[in-house]
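Q: Sequence plus predicted model, see below.
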Number of protein chains: 2
Amino acid sequence: MIVTPDLLRSFSILKTLADNDLLGLAQQSSLRKFTRRGIVLNAGEKEEHVCLLFEGRLQGVDFTIDGREVGLYFVQPGEFCGELGLFDRGPQPEYVIALTPSVVVFVPMSGLREIMNKTPTVANTLGLKLADRVRQMIFQRSLLGLPNIPQRVCCQLWALVPNKDKESDAASAIANPPTHMEIAIMLSMSRETVTRVFQTLQKRQIVRRDGSANLIINEVKILKDIAEGKESI
Amino acid sequence: MIVTPDLLRSFSILKTLADNDLLGLAQQSSLRKFTRRGIVLNAGEKEEHVCLLFEGRLQGVDFTIDGREVGLYFVQPGEFCGELGLFDRGPQPEYVIALTPSVVVFVPMSGLREIMNKTPTVANTLGLKLADRVRQMIFQRSLLGLPNIPQRVCCQLWALVPNKDKESDAASAIANPPTHMEIAIMLSMSRETVTRVFQTLQKRQIVRRDGSANLIINEVKILKDIAEGKESI
DNA sequence: GCCGGGGCGTGATTCAAATCACATAGCACC
DNA sequence: GGTGCTATGTGATTTGAATCACGCCCCGGC
């Protein structure tokens, strides 16, 4: 499907690009839709595209030696993934799966790399993104060190609350929330345990389901306190 | 202490540098020694140096919300750390601690960034390093998904075996091995559990201690098999 | 040679999460 | 409106790692 320069510009990573670069890139790019569980990027292969998420939610997943799924990160609309090969031309290290029906812009790595090599600001932005990825992973790693399991779930949930709502007292919502299983693999715990934590949160009216497309956070402040260990569940 | 261009060149990350760049950098750099437990980099601060490890072993550590130590990675001689700020000028996200008496070259970030910005090959090398860091972290994350705890320990041990010995059948050695506690925080388990796994490995003559400076791997192949789940402990 | 602290070794006990085994509920697609 | 799959809910049981509580060893400093 056709990709316009304006669509590309809507992604913060590309917003500093010159118009003609943007146009060239748009002509090489394509729009793809994925149904739930669709495989956006394959691990092990040398991927030729960077993926910008327009709509939906993706998850990066890896597998342990013994075949268990491990969740690495979530991708929100406006973010992107698959950028590692831009730097080292290596194989894509992890799978990326669509958690909900998603719309993804595929930008060819070769074209993007060319622009990156001639435009310091773009190289900079991409370096920044990679650095952010590392910071993100350190944070996620620190969650796995929490011995208190309900707290771990609340921390993960807290990370999914939109930033704009984190300081306010009003209710918030997480659009296209991951399933219990998808949260479980992020935190290396069982699906049942995640379900039981959610049960407690719902009984205490801290969160509420609104269909499968939204998870309402009634008590943003309390969720935060539990995540920070100030309150126990 | 004085740093020579030749010393800098011995680090693979800088080996492509032009002589005059190397000289300039060497004049700004300094050599520092750390005793065991010395803090090489502080978390939270905006660090002004990248650290090249000449001798010893370092560990990147973070803390959970509830104050537990979390191990992120080990640094071997020839590797470096603290490079995140080069890209995003942000604060150092994790602590870096000397696990054994260590010799570290401190290269000022400003000088290195300047060279990186004018030399595409250096920028490339540094991007490569950051990409490698991400791959490393994904691997470490996958270890935490292993439900079989002895296997987890063996995987971590396997990662510390020098690459050159991994394919051979001969015995190998890990110089300056981490303590049980330091391994424990890498794998989010208790020190006692690590000790018990080591006891089993020693009873089966798979590994052996040689003072505190070396851990001998007698049965490289068996360790590998346990790490890969082909054999159980 | 004595002292002290950090790292290691080990048993006893606890306890919470994994696992197993279903039941039920939603949703998507005929 | 039925059908089937996936997600969620829940109890019973098991299990094995964390925790606690020590003792010991080794090494470096005095």
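A: Structure received. Numbers count the residues shown, from 1 in each chain, chains lettered A, B, ... in the order given.
Q: for residue A:100, what are its contacts?
A: Going by Cβ atoms under 8 Å, 6 or more residues apart in numbering or on different chains, residue A:100 touches A:36, A:56, A:57, A:176, A:213. All C-beta spots, glycine's among them, are computed from the backbone N, C-alpha and C.
Q: Next: residue A:60.
A: For residue A:60, the contacting residues are A:71, A:72, A:73, A:74, A:75, A:81, A:94, A:95, A:96, by Cβ under 8 Å, 6+ apart.
Q: Also residue A:194?
A: Residue A:194 neighbours (Cβ under 8 Å, 6+ apart): A:153, A:180, A:181, A:183, A:184, A:187.
Q: Three-state assignment for the closest residue in space to the last one that isn't next to it in sequence, please.
A: Same thing as residue A:187. Closest residue to residue A:187 apart from its sequence neighbours, by Cβ to Cβ, 6 or more residues apart in numbering or on different chains: residue A:152 at 5.2 Å. Going by DSSP: H, G, I helix; E, B strand; the rest coil, the secondary structure assigned to residue A:152 is helix.
Q: Just confirm residue A:148 contacts residue A:229, I think it does.
A: Yes - using Cβ atoms under 8 Å, residue A:148 is in contact with residue A:229, at 7.2 Å.
Q: Show me how chain A divides into domains.
A: If you go by automatic domain parsing, the domain ranges for chain A are A:5-143, A:147-227.
Q: Including mean pLDDT, could those go into JSON lines?
A: Formatted as JSON lines, these follow (pLDDT from 0 to 100):
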{"stretch": "domain A:5-143", "mean pLDDT": "94"}
{"stretch": "domain A:147-227", "mean pLDDT": "96"}
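Q: DNA strand C is nearest to which of these?
A: domain A:147-227 (3.2 Å; Cβ to the nearest atom of the strand).
Q: and the closest one, anywhere near DNA strand C?
A: Yes - shown here: domain A:147-227 in contact with DNA strand C (Cβ under 7 Å from any atom of the strand) through A:148, A:149, A:150, A:188, A:189, A:190, A:192, A:193, A:211, A:212.
Q: Show me which of the residues you listed are buried.
A: A:148, A:149, A:150, A:188, A:189, A:193 (16 or more other Cβ atoms under 10 Å in any protein chain shown).
Q: one step back: farthest-apart pair in the contacts of residue A:194, please.
A: Spanning the widest gap among the contacts of residue A:194 are A:153 and A:181, at 12.9 Å by Cβ to Cβ.
Q: the more surrounded of those two?
A: A count of neighbours by other Cβ atoms under 10 Å in any protein chain shown puts residue A:153 above the other of residue A:153 and residue A:181, at 28 against 14.
Q: How about the contacts made by the nearest residue to that one once chain neighbours are set aside?
A: The shortest distance from residue A:153 to any non-neighbouring residue, by Cβ to Cβ, 6+ apart, is to residue A:197 (4.4 Å). Applying Cβ under 8 Å, 6+ apart, one finds that residue A:197 lies in contact with A:149, A:150, A:153, A:154, A:233.
Q: Just want to check the distance between residue A:171 and residue A:161.
A: Distance, residue A:171 to residue A:161, using Cβ to Cβ, to the nearest Å: 11 Å.
Q: What segments of chain A are helices?
A: For chain A, helices defined by DSSP state H occupy the ranges A:5-9, A:19-28, A:84-88, A:109-118, A:120-144, A:149-160, A:180-187, A:191-203, A:220-227.
Q: and stretch A:135-144, does that touch chain B?
A: Yes - counting by Cβ under 8 Å from any Cβ of the partner chain, chain B is contacted by stretch A:135-144 at A:135, A:137, A:138, A:140, A:141, A:142, A:143, A:144.
Q: any chance of the residues you listed in a markdown table, with distance to residue B:117 and neighbour count too?
A: Formatted as a markdown table, the residues of stretch A:135-144 next to chain B follow (distance: Cβ to Cβ, whole Å; neighbours: other Cβ atoms under 10 Å in any protein chain shown):
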| residue | distance to residue B:117 | neighbour count |
| --- | --- | --- |
| A:135 | 22 | 15 |
| A:137 | 26 | 22 |
| A:138 | 25 | 19 |
| A:140 | 30 | 20 |
| A:141 | 30 | 22 |
| A:142 | 32 | 19 |
| A:143 | 35 | 20 |
| A:144 | 36 | 18 |
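Q: Among the contacts of residue A:60, which one lies nearest to residue B:21?
A: Within these, proximity to residue B:21 (Cβ to Cβ) peaks at residue A:81, which comes in at 34.3 Å.
Q: Tell me, how many residues neighbour that closest one?
A: For residue A:81, the number of neighbouring residues by other Cβ under 10 Å comes to 25.
Q: repeat for residue A:97
A: For residue A:97, the neighbour count with other Cβ under 10 Å is 22.
Q: Report the contact partners of the nearest residue to it once chain neighbours are set aside.
A: Leaving aside its chain neighbours, residue A:97 sits nearest to residue A:59 (5.4 Å; criterion: Cβ to Cβ, 6+ apart). By Cβ under 8 Å, 6+ apart, the residues touching residue A:59 are A:71, A:72, A:73, A:74, A:75, A:96, A:97, A:99, A:178, A:182, A:186.
Q: Same question for residue A:98.
A: A:34, A:35, A:36, A:37, A:38, A:39, A:40, A:56, A:57, A:58, A:104.
Q: what's the answer for residue A:163, then?
A: Going by Cβ under 8 Å, 6+ apart, residue A:163 touches no other residue.
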